[in-house]
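K.L.:
Show me the folded form of this:
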Amino acid sequence: MTKIAILGCGVVGAAIAYELSRVPGLKIVLLDEKVPASGSTGAALGVLMGAISHKTKGRAWKLRQASMERYETLIDELESIARIHIPFNRQGIVILCFSEEDLEKYQKLVEIRRSQGFNLEIWDLQQLQAKCPQIIGENIIGAVYSECDRQVNPTLLTQALVAGAAINGVDCRFGVKSQKFIIKDLNGSNLRHCQQILAGDEAIDVDWLVVAAGLGSTPLTAQLAKSIDVRPVLGQALQLKLANPLGHSKFQPVITGEDVHIVPIGDGEYWVGATVEFPNETVEIIAQAELLEKIKQDAIAFCPGLANATIIRTWSGKRPRPEGIAAPIIGHLEGYNNVLLATGHYRNGVLLAPATALAIREIIL
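P.N.:
As a prediction, this is how the structure comes out:
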């Protein structure tokens, strides 16, 4: 059997483990020194901006398209196998437009998406008010609506992926740190081969090693003498509670205005976020309360009903952003024939997890 080790159990690592578990003849171990979704995944809002993104060609679009297609079957599949309910909003995404330039860009995108088989709608102010009466803003001139984009609960998705993988035979080990790699040089080439991982008290033989550890990918690849530079970008968000849902109770899409997301999660509750906070020269990030307050006020500016909400909780997380390399990093680690990278997804880890898993599966097979 082909032996595969996956390091990191955020949504990306979990998706890889699950997709590989559906392939006969593989012996898979999934390792994380913490519990699943304890890093950037657990802090994500799970907004899946595929068709409504401005990525229209090349790798960036192909990954989005592959993920969008897989999500439409993945959620029901996982709920059936793992018996875990995964909140999955199929009511689409509305992006607010504040200038004629915004509208022109989206009008071009509508035509491109139509040719690709996806439907986007341009709403004027009257249509927006009819569909989403909670949206009020002096500067809003219209909106674009994508019925085919989604939102998912990232933590419950990850837990379901892990459960599904385990049911399919994956050896899932958490609270275990990978301490050392055993490497050999391949005769007749400049490539190296990872033979074993020392994890805890055990040596694990590997034919393939997949590094899907987000920010942890930098120290792991440093041990392999091929360090990749993945740096943190902090994001803060908050959960608000209202007595009644905003707008029409039966139409609760994600609403985005100037990169501020309002995400309905049911029972009159909403996630609002997220900030984008870069590290200083010492690569340290301290969450700034004033930036979280600004996100809240920005959301209230176009959705005044949120002013009456109660704050249930606030949180933050660090997103893995590659330095000097396009995000995400998917493929072989330089100098190795059997070490694969699936990391550095920055703000699109949840969106691109299914496509990343399919790409890794294709390389291995």
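
K.L.:
Tell me where the stretch 151-300 of the chain has strands.
P.N.:
Residue ranges of the strands in the stretch 151-300 of the chain, as given by DSSP state E, counting those that start in this stretch, are 171-174, 178-185, 192-199, 202-205, 208-211, 230-241, 254-257, 260-266, 269-273.

K.L.:
So which of these is nearest Gly50?
P.N.:
Closest approach to Gly50 among these is made by strand 254-257 (12.2 Å; CB to CB). Backbone N, C-alpha and C define where each C-beta goes, glycine included.

K.L.:
May I ask you to confirm that Val94 is in contact with Gln127?
P.N.:
No: taking contacts as CB atoms under 8 Å, Val94 lies outside contact range of Gln127: 10.7 Å.

K.L.:
More neighbours: which of those two?
P.N.:
When Val94 and Gln127 are compared on other CB atoms under 10 Å, the one with more neighbours turns out to be Val94, at 24 against 14.

K.L.:
And that one, how close does it get to His54?
P.N.:
Counting by CB to CB, to the nearest Å, the separation of Val94 from His54 is 16 Å.

K.L.:
do Tyr145 as well
P.N.:
16 Å.

K.L.:
Among the two, which residue is more densely surrounded?
P.N.:
Neighbours were counted for Tyr145 and for His54 using other CB under 10 Å; Tyr145 has more, 23 against 12.

K.L.:
and that one, what element?
P.N.:
strand 142-146 (DSSP states H and E).

K.L.:
strand partners of that strand, parallel vs antiparallel please.
P.N.:
Strand 142-146 pairs in its sheet with strand 93-97 (antiparallel), strand 120-124 (antiparallel), by DSSP bridges.

K.L.:
which residues sit against the lowest-mean-pLDDT helix or strand in the chain?
P.N.:
Every helix and strand of the chain was ranked by mean pLDDT, DSSP states H and E. The lowest is strand 178-185, at a mean of 91. Contact with strand 178-185 is made by 7, 31, 33, 191-200, 203, 209, 220, 223-224, as judged by CB atoms under 8 Å, 6 or more residues apart in numbering.

K.L.:
one more time with 6 Å
P.N.:
Leu7, Arg192, His193, Cys194, Gln195, Gln196, Ile197, Leu198, Ala199, Gln223, Leu224 (CB atoms under 6 Å, 6 or more residues apart in numbering).

K.L.:
What separation is there between the second one and Gln288?
P.N.:
It stands for Arg192. Distance of Arg192 to Gln288, given as CB to CB: 43 Å.

K.L.:
Pick out whichever of these two has more residues nearby.
P.N.:
Neighbour count, other CB under 10 Å: between Arg192 and Gln288, Arg192 has more, with 20 against 14.

K.L.:
Show me the strands in the stretch 1-150 of the chain, by range?
P.N.:
Under the criterion DSSP E, counting those that start in this stretch, the stretch 1-150 of the chain carries strands at the ranges 2-7, 26-32, 47-48, 88-89, 93-97, 120-124, 142-146, 150-152.

K.L.:
will you turn those into CSV that also has mean pLDDT and distance to Glu69?
P.N.:
Shown next, in CSV, are the strands of the stretch 1-150 of the chain (pLDDT from 0 to 100; distance: least, CB to CB, whole Å):
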stretch, mean pLDDT, distance to Glu69
strand 2-7, 98, 23
strand 26-32, 98, 23
strand 47-48, 98, 12
strand 88-89, 98, 15
strand 93-97, 98, 17
strand 120-124, 97, 17
strand 142-146, 97, 15
strand 150-152, 98, 12
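
K.L.:
Apart from its chain neighbours, what residue comes closest to Leu341?
P.N.:
Leaving aside its sequence neighbours, Leu341 sits nearest to Ile329 (CB to CB, 6 or more residues apart in numbering; 4.8 Å).

K.L.:
residues contacting the one you found?
P.N.:
Per CB under 6 Å, 6+ apart, neighbours of Ile329: Pro322, Leu341, Thr343, Gly344.

K.L.:
again, only using 8 Å
P.N.:
Neighbours of Ile329 in contact, by CB under 8 Å, 6+ apart: Ser217, Ile228, Val230, Pro322, Leu341, Ala342, Thr343, Gly344.

K.L.:
For it, report the pLDDT, please.
P.N.:
We have a pLDDT of 98 for Ile329.

K.L.:
One more: the one 4 residues further on?
P.N.:
On the pLDDT scale, Leu333 is placed at 98.

K.L.:
same deal with Val283?
P.N.:
66.

K.L.:
and if you look at the one 4 residues further on?
P.N.:
We have a pLDDT of 89 for Ala287.

K.L.:
surely it meets Gly317?
P.N.:
No: the pair Ala287 / Gly317 is not scored as a contact, 9.9 Å apart, by CB under 8 Å.

K.L.:
So for these two, which sits in the more crowded spot?
P.N.:
The neighbour comparison of Ala287 against Gly317 (other CB under 10 Å) goes to Gly317, with 20 against 16.

K.L.:
wait, is the more buried one part of a strand?
P.N.:
Yes: remark: Gly317 belongs to a strand, assigned using DSSP: H, G, I helix; E, B strand; the rest coil.

K.L.:
Could you pull up the residues touching the closest residue to it other than its chain neighbours?
P.N.:
Closest residue to Gly317 apart from its sequence neighbours, by CB to CB, 6+ apart: Ala43 at 2.2 Å. Counting by CB under 8 Å, 6+ apart, Ala43 makes contact with Gly235, Ala237, Ala274, Trp315, Ser316, Gly317, Lys318.

K.L.:
Could you export these as TSV, including pLDDT and distance to Lys296?
P.N.:
As requested, the contacts of Ala43 are exported to TSV (pLDDT from 0 to 100; distance: CB to CB, whole Å):
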residue	pLDDT	distance to Lys296
Gly235	97	14
Ala237	98	10
Ala274	95	11
Trp315	97	14
Ser316	96	14
Gly317	95	17
Lys318	95	21
